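Peer 1: I would like the atomic coordinates for the input below:
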Amino acid sequence: MRAITIMYDSLNRNYLPDYGDAMTIAPNFARLGERTVTFDNFYVGSLPCMPARRELHTGRYNFLHRCWGPLEPFDDSTAKILSDHGVYTHCVTDHCHYWQEGGASYLTKFSSCETIRGQEGDFWYGRADNFIRNYDIRRHDAINREYMPREEQHPHAGTFAAGMRFLKDNVDRDDWYLHIEYFDPHEPFFVPRKYKELYPGGAEAAFDWPGYGEIDPDSRQAGEAKLHYRALLSMMDNYLGKVLDFMDENGMWKDTLLIVNTDHGFLLGEHGYFAKNYMPSYDQLVRIPFFIWNPALGKAGERRANLAQTPDIAPTILEYFGLGKPGDMLGKSLWPVVADGADIHDHILFGYFGKHVNVTDGRYVYMRAGRSADENLLMNYTLLPLHMMIPFALEDLRKADKTLTADFSFTKGAPIMRIPASGATSPDNSCYQYEEHLKYGDLLFDLRTDPGQTAPLRDAGIEGRLIAAMKRLLSENEAPAELYERMGLPAP
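Peer 2: From the prediction side, this is the model:
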């Protein structure tokens, strides 16, 4: 048994031909859709980057209990489970957050890993004549780009090359799993000129790094950002095509699993925003592209409208290799969906730590805002208190419960720290501005009649049904007691 997963970061499915886009030049993504099953209602679980990656390993939600951070000592890891059962696991990636404090312990779960440096201001290239005392990724990104004048030096190209080395070395071997993980198309949209020239005005466009916040969707910046994003997708498409070529040339479709996915989407002016995190969890962020091929099932060029989400990937891979999922892994295998379109979920949750708690049945999406910003109603449960770039602030750690708590079955009997997610420190430390949900209030959308989510509904019946599903899922996932109070829901 062999498996390949290809993962991108911040891929908005509405810019792919597979989901109806006619402007992005991406023939290999269209080709991918012809060789796999394409999911139309595949959702995130937790956002953004590292919370999603924790779910890929563990098959359970992150956002109910913790913000951005490492894999916990008690977490199950799909990569480690495979290795423990004789499957060689290898990761190649240029995702720079893995070698920051909050990305600790993920890559070490693989049998081996190759990392490629230089994305998004990664503190990679040393230049003592341009000392940067603080975390200034834009300044360091400018330095890094000086040392990538050719396409083959681009981190994306380096990640592809590393993945191809593994494939060429192991194409005649069995029992392996290769995870190719690209940082692109995450901002900045740094892309070689030849891909920009595929689009009218591309050669002259300069703006490639959207900030996080509001933007006029008709502005020059929004237009140039979209152009760079499409150009970056075209580069990604080029290297995706080379992997598909290799699978064609070596007959790998008959015995190799392929999954192509992303962690979340990205706003490029939709709803008047750039980026992610600060706004409600709109469809462009949370309904993501997903493609899957299982040689034993032989389904190709088909689509599935069933509900599925990121935590389902881990049990799907384990079952492919003939392994059962651990009891703490609450995601569900996708194989019944792929095989004959069977439903595995009637509702799913998704969201960011500390913001709206969201639920959908595939048609209606209900976003429930908190009723209070009291920091005592939002707690991080962790044994590894690390934010993206730095540890938790001492101010926060001093507020932690002096007695460790052991309230959750998924910690496997290990007590765990309970630390308030302080509004004074969390926004700068990757917990994000959790008070923002208070500004928007509850939101209800009908995706069938309002796919752009521009006209919130008021329907007590639909809302009540979705709240009941939300409460059931919160209970099944052992949501902490204070979450119910914060969200104005009765505790189970």
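Peer 1: mind checking how far the residue located most distally from the centre of the chain is from Ile143?
Peer 2: For the chain, the largest distance from the centre (C-alpha atoms, centre = their mean) belongs to Asp129, which lies 36.1 Å off. Between Asp129 and Ile143 the computed distance is 10 Å (C-beta to C-beta, to the nearest Å). In this view, the C-beta of every residue, glycine as well, is placed from N, C-alpha and C.
Peer 1: residues in contact with the helix or strand of the chain with the lowest mean pLDDT?
Peer 2: Sorting the helices and strands of the chain by mean pLDDT, DSSP states H and E puts helix 436-440 at the bottom, at a mean of 80. Defining contact as C-beta atoms under 8 Å, 6 or more residues apart in numbering, one finds that helix 436-440 is touched by 278-280, 354-356, 367, 369-370, 373.
Peer 1: Need these in JSON lines (columns: secondary structure, pLDDT and neighbour count).
Peer 2: Listed next are the contacts of helix 436-440 as JSON lines, based on DSSP: H, G, I helix; E, B strand; the rest coil; pLDDT from 0 to 100; neighbours: other C-beta atoms under 10 Å:
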{"residue": "Tyr278", "secondary structure": "coil", "pLDDT": "87", "neighbour count": "17"}
{"residue": "Met279", "secondary structure": "coil", "pLDDT": "91", "neighbour count": "23"}
{"residue": "Pro280", "secondary structure": "coil", "pLDDT": "94", "neighbour count": "25"}
{"residue": "Gly354", "secondary structure": "coil", "pLDDT": "89", "neighbour count": "27"}
{"residue": "Lys355", "secondary structure": "coil", "pLDDT": "91", "neighbour count": "27"}
{"residue": "His356", "secondary structure": "coil", "pLDDT": "94", "neighbour count": "24"}
{"residue": "Met367", "secondary structure": "strand", "pLDDT": "97", "neighbour count": "25"}
{"residue": "Ala369", "secondary structure": "coil", "pLDDT": "94", "neighbour count": "19"}
{"residue": "Gly370", "secondary structure": "coil", "pLDDT": "91", "neighbour count": "22"}
{"residue": "Ala373", "secondary structure": "coil", "pLDDT": "78", "neighbour count": "15"}
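Peer 1: so which of those comes closest to Ala308?
Peer 2: Ala308 lies nearest to Met367 out of the contacts of helix 436-440, by C-beta to C-beta, at 19.7 Å.
Peer 1: ok, now how distant is the closest one from His97?
Peer 2: When Met367 is compared with His97 (using C-beta to C-beta), they lie 26 Å apart.
Peer 1: Kindly report the same for Arg2.
Peer 2: In terms of C-beta to C-beta, Arg2 sits 28 Å off from His97.
Peer 1: Arg145: helix or strand, and which one exactly?
Peer 2: Using DSSP states H and E, Arg145 sits within helix 137-146.
Peer 1: Other residues contacting the following helix or strand past that helix?
Peer 2: With elements assigned by DSSP H and E, the helix or strand that comes after helix 137-146 is helix 155-170. Residues from elsewhere that reach helix 155-170 (C-beta under 8 Å, 6+ apart): 4, 88, 90, 92-94, 114, 116-119, 148, 151-152, 176, 178, 180-184, 235-236, 239, 242-243, 246.
Peer 1: So which bits of the helix or strand following helix 155-170 are buried?
Peer 2: Using DSSP H and E, the helix or strand that follows helix 155-170 in sequence is strand 176-181. Across strand 176-181, burial judged by 16 or more other C-beta atoms under 10 Å covers 176-181.
Peer 1: So what touches strand 176-181?
Peer 2: Applying C-beta under 8 Å, 6+ apart, the external contacts of strand 176-181 come out as 2-7, 9, 79, 82, 87-95, 110, 159-160, 163, 166-167, 170, 243, 317, 321.
Peer 1: Please identify the pairing partners of that strand and their relative orientation?
Peer 2: Partners of strand 176-181 in the sheet, by DSSP bridges, are strand 2-8 (parallel), strand 88-93 (parallel).
Peer 1: Just tell me which of the ones you listed ends up closest to His65.
Peer 2: The nearest among the strands paired with strand 176-181, by C-beta to C-beta, is strand 2-8 at 23.1 Å.
Peer 1: Give me the angle between that closest one and helix 155-170.
Peer 2: Relative orientation of strand 2-8 and helix 155-170, computed by axes from the mean of the first three to the mean of the last three C-alpha atoms, to 10 degrees: 180 degrees.
Peer 1: List the contacts of strand 2-8.
Peer 2: Contacts for strand 2-8 (C-beta under 8 Å, 6+ apart): 56, 167, 174-182, 184-185, 236, 240, 243, 247, 252, 255-263, 313, 317, 320-321.
Peer 1: Does Asn358 fall in a helix, a strand, or a coil region?
Peer 2: strand (DSSP: H, G, I helix; E, B strand; the rest coil).
Peer 1: Give me the neighbour count for it.
Peer 2: 23 (other C-beta atoms under 10 Å).
Peer 1: Which residues does it form beta bridges with?
Peer 2: Phe350, Met367.
Peer 1: Neighbours of Arg418, how many?
Peer 2: 20.
Peer 1: Let me know whether it touches Leu378 as I believe.
Peer 2: No: when contacts are counted by C-beta atoms under 8 Å, Arg418 is not listed as touching Leu378 (11.0 Å).
Peer 1: For the stretch 1-150 of the chain, which segments are assigned as helices?
Peer 2: Taking DSSP state H, counting those that start in this stretch as the criterion, the stretch 1-150 of the chain carries its helices at 27-35, 49-58, 78-84, 137-146.
Peer 1: Nearest to His387, out of those?
Peer 2: Proximity of the helices of the stretch 1-150 of the chain to His387 was assessed by C-beta to C-beta; the nearest stretch is helix 49-58, lying at 9.9 Å.
Peer 1: Now Tyr282: phi and psi?
Peer 2: The phi/psi pair for Tyr282 (degrees, to the nearest 10) reads phi -70, psi 160.
Peer 1: How many residues are close by it?
Peer 2: 21.
Peer 1: quick one on the thing from earlier: buried ones from the contacts of helix 155-170, can you make that a ChimeraX selection?
Peer 2: The ChimeraX command for the buried members of the contacts of helix 155-170 (criterion: 16+ other C-beta under 10 Å) is given here:
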select :4,88,90,92,93,94,114,116,118,119,148,176,178,180,181,182,183,184,235,236,239,243,246
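Peer 1: mind listing what Met23 touches?
Peer 2: So Met23 contacts 15, 230 (C-beta under 8 Å, 6+ apart).
Peer 1: ok, 6 Å please
Peer 2: Under the criterion of C-beta atoms under 6 Å, 6 or more residues apart in numbering, Met23 has no contact partners.
Peer 1: Check the one 3 residues further on too.
Peer 2: Contact analysis of Ala26 by C-beta under 6 Å, 6+ apart lists 17, 233, 237.
Peer 1: One more pass at 7 Å, please.
Peer 2: Residues in contact with Ala26 (C-beta atoms under 7 Å, 6 or more residues apart in numbering) are 16-17, 233-234, 237.
Peer 1: how close does it sit to Arg230?
Peer 2: 9 Å.
Peer 1: before we move on, what about Ala206?
Peer 2: 15 Å.
Peer 1: now Tyr320
Peer 2: Tyr320 sits 33 Å away from Arg230, going by C-beta to C-beta.
Peer 1: quick one, which of these two is more surrounded?
Peer 2: Neighbour tally, Tyr320 and Arg230, criterion other C-beta under 10 Å: the higher count belongs to Arg230, 24 against 21.
Peer 1: who are the neighbours in contact with Ser333?
Peer 2: 315-316, 319.
Peer 1: rerun that using 8 Å as the cut-off
Peer 2: 312, 315-316, 319, 325, 344.
Peer 1: Likewise for Gly331?
Peer 2: So Gly331 contacts 55, 59-60, 309-316, 325 (C-beta under 8 Å, 6+ apart).
Peer 1: Many thanks, I have nothing further to ask.
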